[in-house]
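Take a look and give me a structure for this.
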Amino acid sequence: MINIISKIRKFIYNEVQDGRLCEPCYFMKMKRRDLVNTLRLDIVDLLEAQKIHEDAFKKYKNCNYGKDVAIIAPGPSLNNYKPLENVLNIGLNRTVFRKDIHFKYFFMQDYIAVKDYINELSDERFKNTDKFFGIIQDYTYEGKATVPESVALRLGAKRYCIFNNFRDFDFNFHMDIASAPLATANSVAGSAMQFALYTNPKRIYLVGCDCSKGYFNEKDKKEEHVDFLYRAWFKIKKFADIWYPETEIISINPVGLKGLFTDIYQE
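Predicted structure coming up:
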């Protein structure tokens with residue numbers, strides 16, 4: 001319901017900003033169909049997400065209470081990371097190539113980005129890794145950004161849903177991700193963070209979350225700052241401060257996230 005109300009509010013706001021609500025009758029006659037179709041799609045997506053997420057996430061609620069979790073992202077600073085002991089690692093995308101890290105969980109969601117190496121997850125070292133592949137719930141890139149169901153089945157991955165409507169962009173974070181879609185959060189790291197918080201650990205370490213365009217395994221390691229990634233982490237921090245204030249969030253060797261959470265630099 002919150003998503004639907006937000007959609008109505010943003011729909012009307014966008015129309016006003018674009019100068020298309022000068023005549024009330026125009027809105028009623030010409031825009032009613034667009035609004036109804038938008039809400040219809042949202043309701044269908046919400047119902048789908050509830051079914052998918054109950055299967056994917058429900059058993060993980062509070063499962064890491066008192067434990068430490070690390071989200072391992074593929075930013076350039078990952079090259080400087082020394083793996084921590086007694087930590088449950090959540091891997092993302094290209095971190096499949098860090099063979100010195102054991103991953104308890106693994107997230108991928110943009111098939112266009114990961115299709116060239118997604119089959120690395122069939123390696124024996126990922127046999128006991130819980131895998132999650134995203135479903136982007138709009139028509140971004142004509143649906144090509146969603147990992148195909150056949151690939152998820154072959155690699156033994158559960159599915160999760162992301163609301164990613166760019167025009168009506170918003171961060172709708174939910175505490176109970178077993179009954180609601182994940183917020184877009186601008187990246188797979190944001191999805192993994194929502195999951196990590198749901199498991200309610202003592203600490204969450206953020207590794208390689210550099211808010212940049214570069215990757216740790218590129219020869220030309222660009223470290224161009226991406227502001228919209230930082231904005232998503234800022235919103236996540238506000239959400240975590242409200243719902244999970246006893247979970248300490250620590251950035252390891254931070255670059256773009258410097259000063260947002262507790263910062264630790266490894267020598």
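
show me where the stretch 101-250 of the chain has helices.
111-114, 149-155, 188-198, 227-243 (DSSP state H, counting those that start in this stretch).

Please identify the most buried of those helices.
helix 188-198 (a mean of 25; mean count of other C-beta atoms under 10 Å). Just so you know, the C-beta spots here come from the backbone N, C-alpha and C atoms, and that holds for glycine as well.

still on that earlier bit, let me have the helices of the stretch 101-250 of the chain in CSV, adding mean pLDDT and distance to Arg125 as columns.
Listed next are these as CSV, based on pLDDT from 0 to 100; distance: least, C-beta to C-beta, whole Å:
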stretch, mean pLDDT, distance to Arg125
helix 111-114, 93, 17
helix 149-155, 97, 13
helix 188-198, 96, 19
helix 227-243, 92, 29
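
Indicate which one of those is closest to Ile52.
Across these, Ile52 has its closest neighbour in helix 149-155 (11.1 Å, C-beta to C-beta).

Who are the packing partners of the closest one?
strand 130-136, strand 157-163 (3 or more C-beta pairs under 8 Å, 6 or more residues apart in numbering; DSSP states H and E).

just for the stretch 101-250 of the chain, where's the confidence low?
137-142, 164-171, 220-225 (pLDDT under 70).

residues of stretch 114-128 that come out buried?
Judged by neighbour count using 16 or more other C-beta atoms under 10 Å, the buried positions of stretch 114-128 are 114, 118, 120-121, 126.

now stretch 202-213
For stretch 202-213, the neighbour count (16+ other C-beta under 10 Å) marks 203-212 as buried.

first vs last residue of that stretch, how far apart are they?
30 Å (C-alpha to C-alpha, to the nearest Å).

Adding distance to Pro245 as columns, could you present the buried residues of stretch 114-128 in CSV?
Formatted as CSV, these follow (distance: C-beta to C-beta, whole Å):
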residue, distance to Pro245
Val114, 34
Ile118, 36
Glu120, 37
Leu121, 34
Phe126, 33
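
so what's Pro148 up against?
In this structure, Pro148 makes contact with Tyr111, judged by C-beta atoms under 8 Å, 6 or more residues apart in numbering.
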